[in-house]
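> Turn this into a structure:
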Amino acid sequence: MKTKEISFVRTEMLAPEPAPLSSHSVSGWIRTNLLATPKDVVLTVIAIFILATSLPGAINWLFIQAAWVGADRSVCATVVQSGGIQPEGWSGACWAFVGDRFEQFMFGRYPLDERWRVILVAVLFVVLLAPLLKPSLPRKGLNAILLFVIFPIVAFFLLHGGVFGLAEVETPLWGGLMVTLILSFVGIAVSLPVGILLALGRRSQMPVVKTLCVVFIEVIRGVPLITVLFMANVMLPLFLPTGWTIDNFLRALVGVALFASAYMAEVIRGGLQAIPKGQYEGADSLGLSYWQKTRLIVLPQAIKLVIPGIVNTFIGLFKDTSLVSIIGMFDLLGIVRLNFTDASWASPVTPLTGLVFAGFIFWIFCFSMSRYSGFMERHLDTGHKR
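Here you go, the predicted structure:
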């Protein structure tokens, strides 16, 4: 008896169905992220209330009633100062003050005719940094040598002058964002390699090396940065031969770099301790020397694990550069605060406007470092996915 064939094989694939509305619509996103649980609903309501009560006033002060153009404080004066000329209750931000002093905020007292040198250094820095930040571009070793070895030498002679027909500009005339970026760049460029050496030294089996590294790290971490800056500014010259001197700016660079190196060492040490013992044993089984094992096996994995900590140290270093004003140097925040004493711009809204501007500049750089850190974490996240 012949059996009837009842099986059937589809020859065409079904057309894809559209995604549920709850997964890609605005209402679906709101339900998933803002209203998923009673706790989320309460927090969302509180956040909306805070934004509704504070955001309109902030926008009004920052943009709508702000003074954008002017030559003195008269455009930013309150009712009392202007004799009632301004509208009742007007007290918007004084962006005219920022516009008038913008170049000073960027360059400090650097001579006007020589500021092209600062701009040239900034352009060279961006040109060398951008390829280094792009993982797919080749020749990273050459790029790093140009940025961290050649560029600082060229930048010093361009900024300081005194050679090749360039007028000499003493470091006391440097200021503003230029000083902030120089301190940050040198601190970052020095603290990472020195921090790696200190971390390796602290884990060393040689008692002398380990003791020296531990003492340095614990002493530097045990005092605030202001103390380190004072020591670099006041005590460092005492250890020099008679007649020798070190520029105040260089002293600040040394203090900032040493301070950041101690914190960086502990971040790197945390990454080294997170490496499984099998990685060390595997490297030893291949016959690699200590430095080969460290350079090729251990350090790449350790640094990848502690990228958030490294960038967090860089961000803290960038913000801490404002403390150099304690020793008579004027970074971005210092030069902004210095201009508050100018009688031509003295008004109740000028200080807050200047601080908002300085805070926004700091936020731009810190947020950029944070976003790049996230990008590198995703790019290198190959063996520790969760």
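> Verify the contact between N339 and P351 for me.
No. N339 lies out of contact with P351 (Cβ atoms under 8 Å); the separation is 9.5 Å. (Glycine included, C-beta is placed from N, CA and C.)
> any idea how far G141 lies from S191?
Using Cβ to Cβ, to the nearest Å, one gets 20 Å for the distance from G141 to S191.
> Looking at the two, which one has more neighbours?
S191 (26 against 8; other Cβ atoms under 10 Å).
> Tell me who's in contact with the more buried one.
257, 260-261, 263-264, 313, 317 (Cβ atoms under 8 Å, 6 or more residues apart in numbering).
> Return the per-residue confidence for it.
On the pLDDT scale, S191 is placed at 94.
> where does it sit relative to L112, distance-wise?
34 Å.
> and what of G70?
Distance from G70 to L112, counting by Cβ to Cβ: 21 Å.
> Between these two, tell me which one has more neighbours.
G70 (17 against 9).
> does the more buried one sit in a helix, a strand or a coil?
At G70 the chain is in coil, as set by DSSP: H, G, I helix; E, B strand; the rest coil.
> my read: it touches C76, true?
Yes. With contact defined as Cβ under 8 Å, G70 and C76 form a contacting pair (6.9 Å).
> okay, and the common contacts of these two?
Common neighbours of G70 and C76 (Cβ under 8 Å, 6+ apart) are A96.
> Could you point out the helix or strand that follows the helix or strand of the chain with the lowest mean pLDDT?
Within the chain, no helix or strand scores below helix 21-24, which has a mean of 58 by mean pLDDT, DSSP states H and E. Counting by DSSP states H and E, the element after helix 21-24 in chain order, helix or strand, is helix 26-33.
> what is the mean pLDDT for that next one?
79.
> Equivalent analysis for stretch 150-160, please.
For stretch 150-160, the mean confidence score works out to 94.
> ok now the lengthiest helix in the chain, how far from the chain's centre?
Looking across the chain with DSSP state H, the single longest helix is helix 350-380. Computed by Cα atoms, centre = their mean, to the nearest Å, the chain-centroid distance of helix 350-380 equals 7 Å.
> Would you mark the buried spots in it?
For helix 350-380, burial by neighbour count (16 or more other Cβ atoms under 10 Å) applies to 350-351, 353-354, 356-358, 361-362, 365-366, 369, 373, 376, 380.
> again with stretch 218-233
220, 225, 228-229, 231-233.
> Show residues contacting that stretch.
248, 251-252, 254-256, 258-259, 261-263, 266, 320, 323-324, 326-327.
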